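Novice: heads up, no residue letters with this:
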């Protein structure tokens with residue numbers, strides 16, 4: 001059975017199936033901030049939705065980071081390195097992409113095992 005969390009008419013923030021939580025792309029809550037601060041916001045959103053799914057960042061199986069500009073890679077990594085679970089850094093990809101809102105600097109998609 002699929003469990004969906006925070007469902008809207010367009011998408012769910014999380015779908016949990018067979019012990020895995022699949023998060024929608026998480027984006028900044030305040031697009032006026034710099035890349036470091038936007039990444040902090042996005043990681044906070046990931047924490048929130050992982051908790052709703054009954055898991056946490058130590059259980060992330062894979063993360064995909066979308067950056068509007070690879071020039072922000074170091075600042076994104078600074079926030080990521082402060083946040084990532086010690087000794088549990090998941091596989092990760094970072095890709096430059098045009099994001100849906102031109103003010104967003106980062107969007108992150110993650111999957112995690114549910115405890």
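Specialist: Structure's in. What do you need? The structure presented is a predicted model; accordingly, all values stated were derived computationally and were not measured.

Novice: can we go C-alpha only for contacts and neighbour counts from here?
Specialist: Fine.

Novice: for residue 81, which three-state class applies?
Specialist: helix (DSSP: H, G, I helix; E, B strand; the rest coil).

Novice: and the gap between it and residue 39?
Specialist: In this view, residue 81 and residue 39 are 11 Å apart by Cα to Cα, to the nearest Å.

Novice: quick one: which of the two has more around it?
Specialist: Using other Cα atoms under 10 Å as the criterion, residue 81 and residue 39 rank with residue 39 on top: 30 against 12.

Novice: ok, that one touching residue 82?
Specialist: No - using Cα atoms under 8 Å, residue 39 is not in contact with residue 82; the gap is 10.8 Å.

Novice: confidence score at the spatially closest residue to residue 60 that is not a sequence neighbour?
Specialist: Nearest residue to residue 60 in three dimensions, chain neighbours excluded: residue 112, at 3.9 Å (Cα to Cα, 6 or more residues apart in numbering). With respect to pLDDT, residue 112 has a value of 98.

Novice: now residue 112: which helix or strand?
Specialist: Per DSSP states H and E: residue 112 is located in strand 106-113.

Novice: circling back: distance check, the residue nearest to residue 60 against residue 103.
Specialist: On the measure of Cα to Cα, residue 112 and residue 103 end up 28 Å apart.

Novice: so which helix or strand takes in residue 45?
Specialist: helix 35-52.

Novice: now do that helix against strand 106-113, angle only.
Specialist: Put simply, helix 35-52 runs at 30 degrees to strand 106-113, going by axes from the mean of the first three to the mean of the last three Cα atoms, to 10 degrees.

Novice: which residues does helix 35-52 contact?
Specialist: Helix 35-52 has contacts (Cα atoms under 8 Å, 6 or more residues apart in numbering) with 5, 13-14, 21, 23, 26-31, 56-57, 72, 75-76, 78-80, 83, 104-108, 110, 112.
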